[in-house]
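Enquirer: Sharing a sequence plus its predicted fold:
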Amino acid sequence: MSAADDADCSWPLPRANPDLVGQEQAEAHLAAVYAAGRPAHAWLFTGPKGIGKATLAFRLVRWLFRHGGSERVGGPATAAADLFGTAPPPPASPSLFVDPADPVFRRVASGGHADLFTLEPGIDPKRGTPRTEISVAEVRAAGAFLAATAAEGGWRAVIVDPAEAMNRNAANALLKTLEEPPHGTVLILVSHAPGMLPATVRSRCRTVTLAPLSTQTIAALLPSYRPETTVDEATVLARLARGSIGHALRLASSEGERLRGQLTRLFRALPAVEPLAVLDLGEAVKGQGSGEGGFALLADLLRAWLASIVRVAGGAPPQEALASEAETIGRLAAAGGLERWLQVWENSTRLLARAETANMDLKQILLAVFLNVEAALKR
C-alpha cells in the first residue's frame, strides 16, 4: 500500500510496519538468497494489493542496511557497523526482522535514511489529490541516487511502489539502471499488476510472488489494527477481503462501513428501487475515481452482495454477511431463484467492470444495476 492509499488510514505504513504475517515463505526465501551470497540487483515483488509486498520490501531494505556491508555483494551477508561503529549480531533465523527500536528502523520509518530512495505517486501538492503516475524525471533522479556513493558505507536501495505507476518513458528510463546496476545497490519493484510492466523490465528482475492471505490470518490480524472489530465482523470482513489485509481494513474503515450501510438499506428495500437513494450513493463516490476508497470499494461490496444472493439461491449459506444482512439475502434469493440471479450477476458484473475501466457515469451504472435487480424480482 503506497502513501497515497494510506494517507487517511490508521494502520502503519509499510515503511513503519515491523510485522509481516502470512508471508513467511517469501521472507525465508529472501533471507536464504542473501545468506548464500546470491543477491539480486533487482527484485519484482508481485501479488494482489494489500498482502504485504511493500512491507516485505522495506523489511528487506532495513535488514540489508543493518546486517549487510558493501563487501557482501557476491558473498555471504556480513554484519555492518552502525554510525557509531557497533556491529549487530548476525541473524540466527530465516527472518528479515529488525527491532523497531533500532536506529536503522527509525530512520527508514521516518523517511530519513540517507541510502533509501522511495518512488511512489504520492500526493499532488497543488491539488491535494493522489497522483496516478511516476514520471521519467523521478526515475532518473532515482538512477542518479543509486550511482552515488553510499552515505553509510553499505547498501543503497530504491523501492518503486507501485511499479505499474511508471509511465512508458519512466519505465524505459529505468532500463538503463537495470542493465547497468551500480555496485552495492538493490532496486525493488512492488507490483499489483506486473503484466502492465514492459517485458524488458520484468525480465531484468528476480520475481518473488506473494500469495493472498488466508481468511483465518486476516480475521486474526484485524483486531490488532481495529480493536473495536468484533469476532463476527472480523470473520465477515476477512471473507470479503479477497486475501488482502489492506482491503479488509478499507472495508472496516468509516468509509467502508458507510458504503456498506447504504447498500444494505437499498437491498432491504427491494423489490422496490429508490432511484434517488441510488443516485445519492453514486454521487458520494463519483469524485473519488476508481481508487480503493471510492467506486472500486463500492463495486466490491455490491459484487459481494450479489454473490451471496447467488450462492444462497443455489442452496449455500450466506457466508459473506452479518446476521443483520442474512435475512435480506435469504428473502431475495428465494424471490428471484438461481437462474434469474445468475443473469443479474452476469449483467451487473459486466456493467461494473465497464464503469471501472471506462470514463462512464457511475451514478447511471449503479442505477442500471439496481433496475436490473428490480426487473428480475418482478418477473
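Expert: Nice, I can see it.
Enquirer: Okay, strands next: where are they in the stretch 151-300 of the chain?
Expert: Secondary structure of the stretch 151-300 of the chain by DSSP state E, counting those that start in this stretch: the strands cover 156-160, 185-191, 206-209.
Enquirer: Direction included, what does the second one pair up with?
Expert: So the one you mean is strand 185-191. Using DSSP bridges, strand 185-191 pairs in its sheet with strand 42-46 (parallel), strand 156-160 (parallel).
Enquirer: Kindly report the same for the shortest one.
Expert: Strands that pair with strand 206-209, judged by DSSP bridges, come out as strand 42-46 (parallel).
Enquirer: still on that earlier bit, ok, which of the strands of the stretch 151-300 of the chain comes nearest residue 32?
Expert: strand 206-209 (11.8 Å; Cβ to Cβ). Where C-beta positions appear, they are placed from N, C-alpha and C, glycine not excepted.
Enquirer: how about low-confidence regions in the stretch 1-150 of the chain?
Expert: Under the criterion pLDDT under 70, the flagged ranges of the stretch 1-150 of the chain are 1-10, 69-93, 129.
Enquirer: could you pull out the strands for it?
Expert: With DSSP E, counting those that start in this stretch as the criterion, the stretch 1-150 of the chain has strands spanning 42-46, 116-119.
Enquirer: May I see those strands arranged in a markdown table, with mean neighbour count as well?
Expert: A markdown table is the format used below for these (neighbours: other Cβ atoms under 10 Å):
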| stretch | mean neighbour count |
| --- | --- |
| strand 42-46 | 23 |
| strand 116-119 | 23 |
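Enquirer: Please name whichever of those strands is nearest to residue 260.
Expert: For residue 260, the closest of these is strand 42-46, at 29.5 Å, according to Cβ to Cβ.
Enquirer: Next up, the contacts around the closest residue to residue 194 other than its chain neighbours.
Expert: The spatially closest residue to residue 194, leaving aside those adjacent along the chain, is residue 46, at 4.7 Å (Cβ to Cβ, 6 or more residues apart in numbering). Neighbour list for residue 46: 53, 191, 192, 194, 207, 208, 209, 210 [criterion: Cβ atoms under 8 Å, 6 or more residues apart in numbering].
Enquirer: Kindly report the same for residue 20.
Expert: By Cβ under 8 Å, 6+ apart, the neighbours of residue 20 are 27, 52, 55, 56, 59, 96.
Enquirer: rewinding a little: highest neighbour count among the contacts of residue 46?
Expert: Most neighbours among the contacts of residue 46, by other Cβ atoms under 10 Å: residue 53, with 28 neighbours.
Enquirer: Isn't that one up against residue 211?
Expert: No - Residue 53 sits out of contact with residue 211 when judged by Cβ atoms under 8 Å, with a separation of 11.0 Å.
Enquirer: quick one: common contacting residues for these two?
Expert: The overlap between the contact sets of residue 53 and residue 211 (Cβ under 8 Å, 6+ apart) consists of residue 47.
Enquirer: need the contact list for residue 100.
Expert: Counting by Cβ under 8 Å, 6+ apart, the residues that residue 100 touches are 18, 106, 109.
Enquirer: Are any of those residues buried, and if so which?
Expert: Buried members of the contacts of residue 100, scored by 16 or more other Cβ atoms under 10 Å, are 18, 109.
Enquirer: closest to residue 249 among the contacts of residue 100?
Expert: Closest to residue 249, out of all of these and judged by Cβ to Cβ, is residue 18, at 16.9 Å.
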